[in-house]
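K.L.:
sequence and predicted model, in that order:
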Amino acid sequence: MAIFDLFSKRQKRSRGEVPDVYIYDKIPDGLRVQIVHLWNEALGNITDYSTHQRVVGAYKYIVETLRREYGFFNLEGKSYCESYISELFGFFLAEQDAERAIDVIELTFRMIDRITREFDYKYDQEATKTADTAINELNARFKEHGIGYQYVDGEMIRVDSQLLHSEVVRKALELLHDKAYAGAEQEFLNAYEHYRHGKYKEALNDALKAFESTLKVICDKRKWSYNSGDTSRQLIEICYQKGLIPDFWQQHMAALRSLLEGGVPTGRNKLSGHGQGSTPVTIPDYIVAYVLHMAGSAIVFLVDSERNIK
């Protein structure tokens, strides 16, 4: 269903009553209800036959997964629930822990994505459209409410800058979705998952792993030899020598080369790549966000360059 630009929304915008920063620790009640409507549409209307069995099976899997992971017998703390659907809805609408609410959203939309894309009968095209439509609306609703998350490629990802997210993070994930970059893609997703949970050192390490894995995949695709222990600096040097960037651009790309050689790797090495010593190292979240976006920008540039060299 399309998102309507209601009169009340326009009035709020005209009065400046719209979020100008993202919120991460609260999922508003209105957004939760809108998400429940999306579940009803996407999980309940995949096909016009065997609907009941598919809906029950989907919600059964979601609820039992959450029960097991949280260590609950019942999500609502009851001895009996009328159905898996009512148990999930009741838990999601009442749960005050924002991260658990995000858990539910991520799991349900993975199910929507999986069921619709695996369904291979004559309704497949409409089912896939249902999944894409639901995901697009979910992300639009997050943005509308000023909630700093987006569902991208099966993961809930924290968004710190909508511009950077759309131009860097989403583009990087689209490029890495090529099966050749499967390892780099998982490392990049892991970096954002760690970031979402405040595990900043782990986020930096996985961002750099993704960056280095991307370099290695490019070398492998082009059959450029390198040593297994080569650092990112050495891998970058190989890519320059092999013409990943044309000779006549190299002088003008000096700043980018400094970024690739020093920026991303140095961020990891200085802040998380070595022992802390006697004093624990605290990494500010804004630095981690910057390094993640910098790694994403470098990945986009490298993959696009590899695709365009002859």
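P.N.:
Received, thanks. Numbering: from 1, shown residues only.

K.L.:
low pLDDT regions in the stretch 51-200 of the chain?
P.N.:
Confidence mapping of the stretch 51-200 of the chain against pLDDT under 70 gives the ranges 51-52, 79-81, 116-129, 160-171, 196-197.

K.L.:
which residue ranges of it form helices?
P.N.:
Ranges of helices in the stretch 51-200 of the chain, per DSSP state H, counting those that start in this stretch, are 51-70, 84-94, 98-118, 124-145, 162-164, 170-176, 182-196, 200-221.

K.L.:
what residues sit buried inside the first one?
P.N.:
Along helix 51-70, these residues count as buried under the neighbour rule (16 or more other CB atoms under 10 Å): 54-55, 58-59, 62-63, 66. Glycine gets a C-beta too; all of them are placed from N, C-alpha and C.

K.L.:
any chance of those residues in TSV, plus distance to P28?
P.N.:
Supplementary listing: the buried residues of helix 51-70 in TSV, determined by distance: CB to CB, whole Å:
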residue	distance to P28
R54	30
V55	26
A58	25
Y59	23
I62	22
V63	23
L66	21
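
K.L.:
and of the helices of the stretch 51-200 of the chain, who's closest to V152?
P.N.:
With CB to CB as the criterion, V152 lies closest to helix 170-176 of these, at 5.7 Å.

K.L.:
longest helix of this protein, counting residues only.
P.N.:
For the chain, the helix with the greatest residue count under DSSP state H is helix 285-308.

K.L.:
ok now that helix, how far from the chain's centre?
P.N.:
Average the C-alpha atoms of helix 285-308, do the same for its chain, and the two points are 14 Å apart (CA atoms, centre = their mean, to the nearest Å).

K.L.:
that one - what's its average pLDDT?
P.N.:
When the per-residue pLDDT values of helix 285-308 are averaged, the result is 80.

K.L.:
name the helices or strands packed onto it?
P.N.:
With contacts defined as 3 or more CB pairs under 8 Å, 6 or more residues apart in numbering; DSSP states H and E, the packing partners of helix 285-308 are helix 170-176, helix 182-196, helix 200-221, helix 264-271.
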